[in-house]
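[1] here is my input, please return the structure:
(one chain, ligands or ions: 3)
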Amino acid sequence: MTRLSELGESHIISRVLTRNPESAHVIVGPGDDAAVTAPEGRLVSTADMLVENEDFTRDWLDWDLLGRKAAAQNLADVCAMGADPHGLLVSLAVPDDTDIADLEALYSGLFDEAERAGTALECTVPIIGGDLSSSGLIVIAITALGTVREDAAFLRSGAQPGDALYLAGTVGRAAAGLDLLFAGLRRETAGPELRALIDTQLAPRPDYGALRTVGTPSAMIDVSDGLSLDLARVAAASGVGIDLDRALLRDLIDPLLPAAEVVLDVRATGGAGDADSSDGRAATADDLALSWVLDGGEDHGFAASAPSRQDPGVGWRRIGEIRTGHDVSLDGTPVPASGFSHFGK
Ligand SMILES: Nc1ncnc2c1ncn2[C@@H]1O[C@H](COP(=O)(O)OP(=O)(O)O)[C@@H](O)[C@H]1O
Ligand SMILES: Cc1ncc(C[n+]2csc(CCOP(=O)(O)OP(=O)(O)O)c2C)c(N)n1
Ligand SMILES: [Mg+2]
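    Numbering: from 1, shown residues only. Ligands and ions are numbered 1, 2, ... in the order given. Sure thing, here's the model as predicted:
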């Protein structure tokens, strides 16, 4: 083991960046005061961080998966705007006794996810810079840049009554994985079905390719905080109501039932269990699975509205419709916006 405190900063940076892909649009990459790149079209920028104890715990830390998650949550935001990712700025604070091998694993996860997005969208996604600091708690803050053709960005504000509502990827699986982790399960010991849910929490895999098949959506959002909260944002931005169809959510709910049984069992026997769950009162496996699907966001599924006559394209499933009004409902019954919020409200 070699601790970071035994190495110099520039040595650490060059070690972790050995896999950084060559990219024609990068004129000056990591190593100068700032990066110089050549974007084509309009610049799209977003930032998202992962903070120890808020977004993950040391207890279930896997550095490679943490890197994948950090890249995925930023790339999902850029791509949900309809943009091609252009590059990542990676700012990192870690304890100075961190093993360099762990940091290399983190960057390997970042590069793997950036490559997955690049393959889906036919572009190269390099790391163009960042910052490194020492801290008791691990914090990874990424700024992702992308480019989009003039007037081609997908916004939250264009949904129209009568449009259909579609989802690419999943919702609820990462929330199920989180409750399994809080219930004491670990990916190393869980069976394949529950392990897949834990893996979605630890390293979500957004369906970037679906953003190529979507055609022209009237509105789009990356579901990071849960359908109930994120669709309420679309409803507010578009001045519409949104009705989810429970029958169309069945394919998302049913695969979560075994995990819901496990979590309810652990809670019933007084184990850890609901340290962070938003469902509070779920009494049955079906209620709990539904609450994961409505309020669980970290899968980074994409929700989009489009005229219902428009073919939804490969990777998209219909989950509801846009109507007049201003709230989100499930089969006509209002759904409270109780997705995730860092400050509790
Ligand atoms: N500290 C901040 N300073 C400025 N803008 C911010 C800050 N935090 C969030 N925002 C902006 O507020 C909006 C909502 O943020 P957030 O809920 O994190 O969005 P998302 O779910 O897409 O990541 C975004 O446009 C984001 O850029
Ligand atoms: C230890 C721990 N507690 C709680 C959560 C749940 N959680 C943390 S962030 C988040 C939502 C998404 O994160 P956010 O920073 O809001 O992403 P953004 O909306 O900005 O993309 C959820 C459900 C978690 N993953 N790990
Ligand atoms: Mg954010």
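[2] can you pull out the strands in this protein?
    Shown for the chain, the strands assigned by DSSP state E span residues 26-28, 36-37, 42-51, 84-94, 127-134, 139-148, 163-168, 219-223, 241-244, 301-307, 316-323, 328-330, 333-334.
[3] turn those into TSV, including distance to Ala203 and mean pLDDT.
    In short, each C-beta sits where N, CA and C put it, glycine included. Converted to TSV, those look like this (distance: least, C-beta to C-beta, whole Å; pLDDT from 0 to 100):
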stretch	distance to Ala203	mean pLDDT
strand 26-28	26	98
strand 36-37	27	98
strand 42-51	11	98
strand 84-94	16	98
strand 127-134	18	97
strand 139-148	13	98
strand 163-168	18	98
strand 219-223	16	98
strand 241-244	27	98
strand 301-307	15	98
strand 316-323	22	98
strand 328-330	28	98
strand 333-334	34	97
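[4] and those strands: which comes nearest Leu185?
    The minimum distance between Leu185 and the strands of the chain falls on strand 42-51, with 21.0 Å, by C-beta to C-beta.
[5] in the closest one, what's buried?
    For strand 42-51, burial by neighbour count (16 or more other C-beta atoms under 10 Å) applies to Val44, Thr46, Asp48, Met49, Leu50.
[6] how about the residues of the chain near ligand 2?
    Contact residues (C-beta under 6 Å from any ligand atom) of the chain with ligand 2: 48, 53, 55-57, 73, 178, 224-225, 276, 297-298, 340.
[7] I'd like the strands of the chain as JSON lines, with distance to Asp287 appended.
    As requested, those are exported to JSON lines (distance: least, C-beta to C-beta, whole Å):
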{"stretch": "strand 26-28", "distance to Asp287": "50"}
{"stretch": "strand 36-37", "distance to Asp287": "49"}
{"stretch": "strand 42-51", "distance to Asp287": "30"}
{"stretch": "strand 84-94", "distance to Asp287": "38"}
{"stretch": "strand 127-134", "distance to Asp287": "43"}
{"stretch": "strand 139-148", "distance to Asp287": "34"}
{"stretch": "strand 163-168", "distance to Asp287": "21"}
{"stretch": "strand 219-223", "distance to Asp287": "20"}
{"stretch": "strand 241-244", "distance to Asp287": "16"}
{"stretch": "strand 301-307", "distance to Asp287": "21"}
{"stretch": "strand 316-323", "distance to Asp287": "19"}
{"stretch": "strand 328-330", "distance to Asp287": "12"}
{"stretch": "strand 333-334", "distance to Asp287": "14"}
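[8] need the buried residues of strand 42-51 in JSON lines with distance to Pro258, can you?
    Below are the buried residues of strand 42-51 laid out as JSON lines (distance: C-beta to C-beta, whole Å):
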{"residue": "Val44", "distance to Pro258": "39"}
{"residue": "Thr46", "distance to Pro258": "35"}
{"residue": "Asp48", "distance to Pro258": "31"}
{"residue": "Met49", "distance to Pro258": "33"}
{"residue": "Leu50", "distance to Pro258": "28"}
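[9] how far is stretch 11-23 from where the chain is centred?
    How far stretch 11-23 lies from its chain's middle: 24 Å, per C-alpha atoms, centre = their mean, to the nearest Å.
[10] could you report the neighbour count for the residue lying closest to Ala183 once chain neighbours are set aside?
    Counting by C-beta to C-beta, 6 or more residues apart in numbering, Ala183 lies nearest to Val266, which is 4.1 Å off, once chain neighbours are set aside. Counted with other C-beta atoms under 10 Å, the neighbours of Val266 add up to 19.
[11] surely Val266 is in contact with Gly184?
    Yes. Counting by C-beta atoms under 8 Å, Val266 touches Gly184, with 6.6 Å between them.
[12] ok, back up a step: can you tell which of the strands of the chain is closest to Asp77?
    Taking C-beta to C-beta, strand 42-51 is the member of the strands of the chain nearest to Asp77, at 4.2 Å.
[13] angle of the closest one against strand 219-223?
    Relative orientation of strand 42-51 and strand 219-223, computed by axes from the mean of the first three to the mean of the last three C-alpha atoms, to 10 degrees: 20 degrees.
[14] does strand 42-51 reach ligand 1?
    Yes. Contact of strand 42-51 with ligand 1 (C-beta under 6 Å from any ligand atom) involves Asp48.
[15] try stretch 291-303
    No. Among the residues of stretch 291-303, none lie within reach of ligand 1 under C-beta under 6 Å from any ligand atom; the closest is 8.3 Å away.
[16] for that stretch, output the C-alpha coordinates as CSV.
    Output of stretch 291-303 as CSV, limited to C-alpha atoms (Å, rounded to 0.1, in the frame of the first residue of the first chain):
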residue,chain,number,x,y,z
SER,A,291,-42.8,3.9,-3.0
TRP,A,292,-39.4,3.0,-4.4
VAL,A,293,-40.7,3.4,-8.0
LEU,A,294,-42.4,6.8,-7.2
ASP,A,295,-39.8,8.3,-4.9
GLY,A,296,-36.5,6.6,-5.8
GLY,A,297,-34.3,8.5,-8.1
GLU,A,298,-30.7,7.4,-8.3
ASP,A,299,-31.1,5.0,-11.2
HIS,A,300,-30.8,8.1,-13.4
GLY,A,301,-33.7,7.0,-15.7
PHE,A,302,-34.8,9.6,-18.3
ALA,A,303,-38.4,10.8,-18.3
